[in-house]
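Novice: Okay, sequence plus prediction incoming.
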Amino acid sequence: MTTRSVSPGAALLRASRMFSMPAPIPAPPGDFSSATKHSSPTATIPFPTHLSVTTPSSSRITGDWGFKRPLPLKTTTNTTIPLVRVRQVDSIEHVTDFQSASDHTITLEKFLELHLPLTVPAADVRDLQDATIKPKSVFEEDRDVTAIPDGKEQELGNKRWRFKGPWLAGMTDGAFGKYLEKEVRGRRTEFRAFLKERLAAEMTKDQASEAIEKAVDAPEPVTAADVTEEQLVEYMKRLRSEKIELYRLVSRFLDLAPLAQPFNPADAAPNKMYELSRPNVYSESGPPITHPSAGLSYLRTRRFQENHPLYGPQLHHPPVEARVVMPRHSPTGNYNPILGVGGFIADIGQDTSFNSSRMRKDPDLTAFDLETRGGAKKYADIKVANVDSRGKVIMQVEDAYSEAGLVQKEMMGRYSLYEEHFTSNRKPTAPYSPVRRSEFSRPSTQRFGSSQSYGLGKGDFGRNL
């Protein structure tokens, strides 16, 4: 059976990336701990995997979305926002497999309205306060590191987010066995050559230190070719007892993602200096699968002031209306309320203002509100936001300031702050006097000080002077 030939121009357009859809990215890994819990197959995944496609209203009426065949009008014209994701342009049933993509697209629009930059997560618990008070953007020069110059691998090792090797702590036993079989076992010769270079550098350093102590000239540097097989075997035996140094060499050779390995003095060799640096920010939960910003925001800072048309520059950013997804319920172990902010589940820590004594008695945070449409809502102030290793957006929020909440309600037309506090009780800025002053009247002399203000008035202190 011969295939129908196409013109060279049509073949070029088919092969062009401008007129083709990009391949979908891998889906997020499943949570193995929630295998026995209830999970919905229609729930929104943490991040989009397919391209969102839209079309103008004139083309949507005819079902023209730019694909091989038109999409059904009954499905695409009933939605307010025309957004679809195409899973398969031409399936075996000769239909276009698509579904609505408004969930992730609207979430992106909501996040852009927050004007919130993505920050670097905290390395450990000790850095949690600094990461919240002094957040660092993922686009800073000392954090957005992908290309490392030669000779600076050790210096920039804890600042980059992309690694060639996997994160071993997040691998299953089967995946780890496959990685050893495919990637590691065939590189024994390369690893021995790598150890020879490290041993040669160590021998050169030891000979230079010995020459300085004896006040003689330093010998020629030792190369990898000068290292004998007996010296290499002895060096490998010594590394087996020094687990810290062995882990550093293996991770540097395979370019593994960092692990949160605590320092154990029992594993350290005596009379040897170890350089203990701060852990990598991605050592606890693993490096991100994409850029740390995930394409959500390209801002580097939030240090700007909002200007109100009536009240001028504001001290705080406008608060965000958060939905109470699940209130606080101590009998079930839910001691912190769960809030939804801009399509994301916000993180409420133990030391936030939501856990204060006043907020613990708030009825909106302790019970479901069945009367309000959409549930209870609270104004929240977003502090920082970052993307974890699974692609989920983690937000840390606190209770919003009351003044900022009132101003935001007035901007949305829910509260008349200006009329209530300014118009009803308005007073003139200067006292009104009916006496008209002459234009040529003699100006009076204003006294800015007196004898009492300088301590020369009546009293014991004045008499003693």
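Specialist: Okay, I see it.
Novice: got the contact list for L116?
Specialist: 297, 299, 302, 382, 385 (C-beta atoms under 8 Å, 6 or more residues apart in numbering). Bear in mind the C-beta positions are built from the backbone N, C-alpha and C, glycine included.
Novice: Show the pLDDT at it.
Specialist: Listed pLDDT for L116 reads 90.
Novice: Quick check: closest non-adjacent residue to the residue positioned nearest the centre of the chain.
Specialist: In the chain, the residue lying closest to the centroid (C-alpha atoms, centre = their mean) is N386, at 1.5 Å. Excluding the flanking residues, the one nearest N386 by C-beta to C-beta, 6 or more residues apart in numbering is P121, at 4.6 Å.
Novice: isn't that neighbour right up against V281?
Specialist: Yes: between P121 and V281 there is a contact at 5.4 Å, judged by C-beta atoms under 8 Å.
Novice: next one: stretch 49-64 to chain centre, how far?
Specialist: Taking the mean of its C-alpha atoms, stretch 49-64 sits 31 Å from the chain's own mean (C-alpha atoms, centre = their mean, to the nearest Å).
Novice: Just the CA atoms of it, as PDB, please.
Specialist: What follows is stretch 49-64 as a C-alpha-only set of coordinates in PDB (Å, rounded to 0.1, in the frame of the first residue of the first chain):
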ATOM      1  CA  THR A  49       2.200  18.100  31.100                       C
ATOM      2  CA  HIS A  50       0.600  19.100  27.800                       C
ATOM      3  CA  LEU A  51       0.500  22.400  25.800                       C
ATOM      4  CA  SER A  52      -2.600  24.600  26.300                       C
ATOM      5  CA  VAL A  53      -4.200  25.600  23.000                       C
ATOM      6  CA  THR A  54      -6.700  28.400  22.400                       C
ATOM      7  CA  THR A  55      -8.600  29.800  19.400                       C
ATOM      8  CA  PRO A  56     -10.500  33.100  18.700                       C
ATOM      9  CA  SER A  57     -14.200  33.100  19.000                       C
ATOM     10  CA  SER A  58     -14.700  33.400  15.200                       C
ATOM     11  CA  SER A  59     -12.900  30.100  14.700                       C
ATOM     12  CA  ARG A  60     -14.400  28.400  17.700                       C
ATOM     13  CA  ILE A  61     -17.900  28.700  16.300                       C
ATOM     14  CA  THR A  62     -16.900  26.600  13.300                       C
ATOM     15  CA  GLY A  63     -14.800  24.200  15.400                       C
ATOM     16  CA  ASP A  64     -11.500  25.200  13.900                       C
END
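Novice: buried ones in it?
Specialist: By neighbour count with 16 or more other C-beta atoms under 10 Å, stretch 49-64 contains the buried residues 49-50, 52-53, 55, 60, 63.
Novice: And stretch 164-180, by the same measure?
Specialist: Of the residues in stretch 164-180, 165-167, 179 count as buried by neighbour count, 16+ other C-beta under 10 Å.
Novice: and the residues you listed as TSV, adding pLDDT and distance to V222?
Specialist: Formatted as TSV, the buried residues of stretch 164-180 follow (pLDDT from 0 to 100; distance: C-beta to C-beta, whole Å):
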residue	pLDDT	distance to V222
G165	87	29
P166	89	34
W167	87	35
Y179	92	34
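Novice: Counting only helices, which of the residues you listed make the cut?
Specialist: Y179 (DSSP state H).
Novice: give me the number of residues near the closest residue to D369 other than its chain neighbours?
Specialist: Counting by C-beta to C-beta, 6+ apart, A376 is the residue found nearest to D369 once chain neighbours are left out, at 3.8 Å. Residues lying near A376 (other C-beta atoms under 10 Å) number 20.
Novice: And A376, how far from P48?
Specialist: Noted for A376: a distance of 29 Å to P48, by C-beta to C-beta, to the nearest Å.
Novice: And E109, by the same measure?
Specialist: Distance from E109 to P48, by C-beta to C-beta: 13 Å.
Novice: same thing with L239?
Specialist: Taking C-beta to C-beta as the criterion, L239 is separated from P48 by 45 Å.
Novice: Check E306 too.
Specialist: Applying C-beta to C-beta, the value for E306 to P48 is 30 Å.
Novice: list the buried ones in the helix ranked longest in the chain?
Specialist: Counting residues, the longest helix in the chain under DSSP H turns out to be helix 188-214. When neighbours are counted by 16+ other C-beta under 10 Å, the buried residues of helix 188-214 are found to be 194-196, 198-200, 203-204.
Novice: Check stretch 109-123 too.
Specialist: Counting neighbours by 16+ other C-beta under 10 Å, stretch 109-123 gives 111, 114, 116-123 as buried.
Novice: centre of the chain versus the longest helix of the chain, how much separation?
Specialist: 41 Å.
Novice: which other helices and strands contact the helix or strand where the residue nearest to the centre of the chain lies?
Specialist: Element membership for N386 (DSSP states H and E) is strand 377-387. Packing partners of strand 377-387 (3 or more C-beta pairs under 8 Å, 6 or more residues apart in numbering; DSSP states H and E): helix 128-133, strand 320-326, strand 338-341, helix 363-366, strand 393-399, helix 402-411.
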